[in-house]
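Mind looking at a prediction? Sequence and model below.
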Amino acid sequence: MKKKAPFPYELRLTAAILVFIAICLTFSGITFFSPAIEMQFFPALDRKAWGIVFFIVLFTFLFGRFYCSVICPFGILQDIIAFLSRKKSTVDKNRIKTRYAITAIAVTLLLSGHIAVFEILDPYSNFGRVISFFKNPAYITGLVVFCIILFLSIWKKRIFCTSICPVGTILGLCSKFTPNKMRISEKCVRCGRCTTVCPAGCVDPQEKKLDNERCVRCLKCSAVCPLNAVGFMKEQTGSTKFDLSRRNFLTGTFTTAAAVGAGAVLAEHFNVRKQTKTSFQRPICPPGATTPEEFASKCTNCQLCVNVCQGKVIHPKSKDFETVHLQYGTNYCLYECNNCCSVCPTGALSALTLAEKQKRRIAIAQIFQDKCVGCGTCARKCPQGAIKIEKINGKSKAVLSAQYCIGCGACFSACPLPEKAIRVVAVVIQSTAAKGIKER
Amino acid sequence: MMDRREFLKTNAKIAAAAAIAGTLQSFPATAQEQKVSTREHNKKPVSLLGFGCMRLPMKNGEVDMELTGSLFDYAIRHGVNYFDTAWPYLGGKSETATGTLLKKYPRESFYLADKCPTWLIESPQDVDRIFDQQLKKCQVEYFDYYLVHALDQGRYENALKQNIHANLLKKKEEGKIKNLGFSFHDTPDVLEKILNNHQWDFVQLQINYVDWSLQDAERQYNLAVQHNLPVIVMEPLRGGNLAVLNENAIKVLKTANPNASAASWGLRYVASLPNVLTVLSGMNVMDHLKDNVSSLTGFRPLTSKEQETLERARQIYMSAGAIPCTGCDYCKDCPMGIRIPSLFAAYNTYKTTDDSKKKDAFNRYYNLATRNNSTPDQCVQCGLCEQHCPQHLPIREKLKEIVALNKEINRV
């Protein structure tokens, strides 16, 4: 009764599991596996890695949305949830208007310099938030995302991928016009098994239709088909033609056009909001960002840096700060660690070498002489040797040589006074500090 | 070096040549461009007016190549042959623009000066790396004048540690530097030490009638004369401040000579010093260039009566209590993004404007300066600005004053 799973399906499944594990390992701090994250479509687009973007687009055009079932961790997560929920699929509606509208708005905003919609909907970043939550339950955004995706994937498996996800929609358009399609052949006896396993709800044996735009290439249909009647094949007489009815085409076009307009209006709104915002607290951005504004325009809040930070000092965006930021307290930015900027997949943090990072000024310390008791703890802790104890009016005080200060916060965490005699303030633009004084 | 007699002789020769040329040719006077006076260095004429490229005109964050090009062309047509740029000017864009615009002229027809940014030198290799990049950016094979930039006590110590002078001397032997000197912003004692310790071909000093006493430029100049070094003058007008002065000081100058601009007084003041080789002025408006060119064409030193007039104007100007900031913007990397020169301009405007318009003038400048949300009260007292300030201004104290002033006048 049960057919042995064919090789391509098993290969696809194994690859997906391996990628999923690699991504999880990266998030737990083993950065060796970060290439799995560099492959992610939207971050690659964000950091202008055109090679990767082009490769994914070309591959999708040639073979379909394998990206969604093998590379995308959020997609694999949905597959896992669906697998555990064991619900059968049915043929699903093709929600052209919804997904084109979302994607058109997202792209329009992106082109006018606002990452907002992509930031909320990018599947990789959402996965990052979920995994962040599981590592640190304080990061509640991940819980919200997880609940939503749990509900969606139990309800209709990959509905996020087929109807909401802008990356999926873009890749769907790439695979829509390919000559190399998955099809249902004449051998089909309409047993319907394929429909029950299809997570995208895009196989309809009754009509002998397989929508290549929504298909995420999980290959489950061909794995369960007893007659091998579904799979990659040449167009056959009698099989369904590529179905782009005039109505669908017009709806798609009109929706897109309308959404582009809506996106433009939204972009204008964001611009105005940005300009009128006068008072804000400047966040300390991770090393490799330049200005908070530029950082915010590229960061998708995937929280990978939050997870790999050895000093546990990076926090996701919150009510107080509109970007990922550093918070000093007992924790501070470790001198010997450049994990955040070496893993950032979006280009929001440029990949600094350790030596570069050690000179990157992300903030600057201010010592309050009236509070300082001159104990020298901060001076001993400063990795750059920027603080010296000097006699001022006969009393020992900590004195900062600002040209060496990189704003790592070591002094702040070291200061033993309950009312700290030091504060560390974010800079408006990150710059290069002088090479630290070695002799300490 | 050039003494007064030689200088007069040169001028006389030029005047004679011009006269002969004038009689020989019957073109109308306008067709023959009047050229800026020159002084000799290594038996070659250097124009008394040098083009400073720290303040080139900008457009949308880039150097306005069209306007700069026409400024350069006009200057060269009128005999200006000394161009001065440096690594940090205009965020590194000055060198590129200067090199690009000078490219169409034969290399031997102009002198190009560039500078080694001492504060960025952390190892001897940095000197070579930056020097090679500068040659590439300026699109030249050699620099006629190369300076160790903005030396003061601290930077000189670093220069010694990194052996910058010896390194540059090697480049001079290779012919990549024709004349080696340094620009200087500190006390005469430090200057004397630097002059005694190494062999130099020239020195660049900040001289103008305000700093003659305020920053001991007199002693600095005399030291250079003792060492027989030609002096290149920077900030002859203190970043344009001496071209504006204030109302009462201007009145004094205008009464003495209604046709002369305040800027011309300033330029002629420094050019009257015989050891001065060239006077650098950062000109970004055609009118300024034309005015400066005419001030130093057919140059005649200030008479003792003119000196007296200028001294009176100076005293009036100084009594207003303005901050002596030249707006060079070396402090631009404030970690808090505070625009220090713009705030000082607001302060100075307040000090030099009539009582009735004081408040509005201050607010207009202040709002412009704080448009980026960086107000002076955000200062964290790190003092990076003061490390970079060539005028050694107590910037942190002054910012506190501005915070207080802003509170005071906007509460009333």
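Everything's here; your move. This structure is a prediction, so every number in the text was calculated from the model and none was measured.

going forward, measure contacts between C-alpha atoms and count neighbours the same way
OK.

Show me the chain divided up by domain.
In the absence of a named chain, chain A is used. A:7-232, A:292-432 (automatic domain parsing).

sorry, should have said chain B
If you go by automatic domain parsing, chain B breaks into B:42-318, B:340-411.

rewinding a little: so can I have a markdown table of the domains of chain A showing mean neighbour count?
Shown next, in a markdown table, are those (neighbours: other Cα atoms under 10 Å in any protein chain shown):
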| stretch | mean neighbour count |
| --- | --- |
| domain A:7-232 | 20 |
| domain A:292-432 | 21 |
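
Please identify which of the ones you listed is closest to A:His269.
domain A:7-232 (10.7 Å; Cα to Cα).

Quick one: mean pLDDT for that closest one?
Computed over domain A:7-232, the mean pLDDT rounds to 92.

ok, now stretch B:180-197?
For stretch B:180-197, the per-residue pLDDT averages 94.

hang on, the earlier thing: now the domains of chain B in JSON lines, with mean neighbour count and distance to chain A?
Formatted as JSON lines, these follow (neighbours: other Cα atoms under 10 Å in any protein chain shown; distance: least, Cα to the nearest Cα, whole Å):
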{"stretch": "domain B:42-318", "mean neighbour count": "19", "distance to chain A": "7"}
{"stretch": "domain B:340-411", "mean neighbour count": "17", "distance to chain A": "5"}
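
what about the ones you listed, which gets the closest to A:Gly409?
From those, taking Cα to Cα, the stretch that ends up closest is domain B:340-411, at 14.9 Å.

For the closest one, measure first residue to last.
23 Å (Cα to Cα, to the nearest Å).

Close to chain B: what parts of chain A are there?
A:278-279, A:363-366, A:400-403, A:425-430, A:434-435 (Cα under 8 Å from any Cα of the partner chain).

Could you rerun that using 7 Å?
Contact residues, chain A versus chain B (Cα under 7 Å from any Cα of the partner chain): A:278, A:366, A:402-403, A:427-429.

Show me which pair in those residues is furthest apart.
A:Thr278 and A:Gln403 (29.2 Å).

what's the following helix or strand after the helix or strand harbouring B:Gly154?
Assessed by DSSP states H and E, B:Gly154 sits inside helix B:153-161. Downstream of helix B:153-161, the first helix or strand assigned by DSSP H and E is helix B:164-173.

who's in contact with that following helix?
Defining contact as Cα atoms under 7 Å, 6 or more residues apart in numbering or on different chains, one finds that helix B:164-173 is touched by B:124, B:177-178.

Would you format these as TSV with secondary structure included?
Formatted as TSV, these follow (DSSP: H, G, I helix; E, B strand; the rest coil):
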residue	secondary structure
B:Pro124	helix
B:Ile177	strand
B:Lys178	strand
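
Pass me the low-pLDDT residue ranges in the stretch 201-350 of chain A, would you?
For the stretch 201-350 of chain A, the stretches with pLDDT under 70 are A:236-245, A:273-280.

Can you name the residue of chain B nearest to chain A?
B:Pro335 (4.8 Å; Cα to the nearest Cα).

count of neighbours near that residue?
24 (other Cα atoms under 10 Å in any protein chain shown).

out of everything not next to it in sequence, what's closest to it?
Spatially, and ignoring its direct neighbours in sequence, B:Pro335 is nearest to A:Val427 (4.8 Å; Cα to Cα, 6 or more residues apart in numbering or on different chains).

now A:Ile115
Here the residue nearest A:Ile115, using Cα to Cα, 6+ apart, is A:Ser297, at 6.0 Å.

got a list of what the one you found touches?
Contacts of A:Ser297 by Cα under 7 Å, 6+ apart are A:113-115.

Just the residues you listed: which are in helices?
Counting by DSSP state H, no part of the contacts of A:Ser297 is found in helices.

Nearest to chain B among these?
A:Gly113 (18.6 Å).

can you give me phi and psi for the one residue in the stretch 251-400 of chain A that gets nearest to chain B?
Proximity of the stretch 251-400 of chain A to chain B (Cα to the nearest Cα) peaks at A:Gln366, 5.8 Å away. In terms of degrees, to the nearest 10, the main-chain angles of A:Gln366 are phi -130, psi 120.

same thing with the one 10 residues further on?
With angles defined as degrees, to the nearest 10, A:Gly376 shows backbone torsions of phi 90, psi 0.

what's the distance between it and A:Ser396?
9 Å.

shared neighbours, these two?
A:Ile389.

Do you have the helices of the stretch 1-150 of chain B handy? List them.
B:4-24, B:65-77, B:93-102, B:124-138 (DSSP state H, counting those that start in this stretch).

Run through who's touching the last one.
Put plainly, it is helix B:124-138. B:95-96, B:98-100, B:121, B:141-142, B:162-164.

Right, I'll leave it there.
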